[in-house]
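Enquirer: no sequence for this one, just the structure:
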């Protein structure tokens, strides 16, 4: 039998493509006595019932759960970490993954409430050695196409452990680390 919490877990995995068991634990089980054990047991049940797939993370032998495996596992796990930490800080009103907004397609988009204000973010996970494409956001801003989707132009969050070069612009670019430990920078 699938519990309401199981369904929330499945919904999150479907939204984000992938989640580590530790991320699922922090989202749904951290407040429970023996929450880690319950989390692992429920995830095994969902796996055994063939509702999700899993494989071991080769770095720490932790299970990673997914519905359909994509070729950007690390990229997706970083976005999931951002989502989990945002959920702990703010009230997420909307979170989308790789949805087009006119002629751009960010890795993620988040609308959330924090301290009485609504915040809009585009999220870009940048782990490749390629140059960060800042120009697509400058062009998008100039096209005014964004007004079809948003009341205000979203801040752009780059998640990377590499130094991302951002040329001076009137758009708000914020870089945070891959483990999102400095996520509070986004509110400044």
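Expert: Cool, the structure landed. These figures come from a predicted structure and were not determined experimentally. Residues are numbered from 1 along each chain as shown.

Enquirer: now do the buried residues in stretch 135-148.
Expert: 137, 140-141, 146 (16 or more other Cβ atoms under 10 Å). To be clear about C-beta, it is placed using only N, CA and C from the backbone, and glycine gets the same treatment.

Enquirer: what does it contact?
Expert: With contacts defined as Cβ atoms under 8 Å, 6 or more residues apart in numbering, stretch 135-148 is touched by 101-104, 122, 153-154, 156, 169, 171, 173.

Enquirer: between these, which is nearest residue 35?
Expert: Ranked by distance to residue 35 (Cβ to Cβ), these are led by residue 122 at 32.9 Å.

Enquirer: which SSE is the closest one in?
Expert: strand 117-125 (DSSP states H and E).

Enquirer: thinking again about what came up before, distance to residue 112, pLDDT and secondary structure added to the buried residues of stretch 135-148, as JSON lines?
Expert: Compiled in JSON lines, these are given as follows (distance: Cβ to Cβ, whole Å; pLDDT from 0 to 100; DSSP: H, G, I helix; E, B strand; the rest coil):
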{"residue": "137", "distance to residue 112": "19", "pLDDT": "96", "secondary structure": "helix"}
{"residue": "140", "distance to residue 112": "21", "pLDDT": "96", "secondary structure": "helix"}
{"residue": "141", "distance to residue 112": "21", "pLDDT": "97", "secondary structure": "helix"}
{"residue": "146", "distance to residue 112": "18", "pLDDT": "96", "secondary structure": "helix"}
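
Enquirer: break the protein down into its domains, please.
Expert: Per the record, the chain has its domains at 4-66, 73-187, by automatic domain parsing.

Enquirer: first vs last residue of the first one, how far apart are they?
Expert: Spelled out, that is domain 4-66. 19 Å (Cα to Cα, to the nearest Å).

Enquirer: go on, the last one?
Expert: One end of domain 73-187 to the other measures 28 Å (Cα to Cα).

Enquirer: great, nothing more from me.
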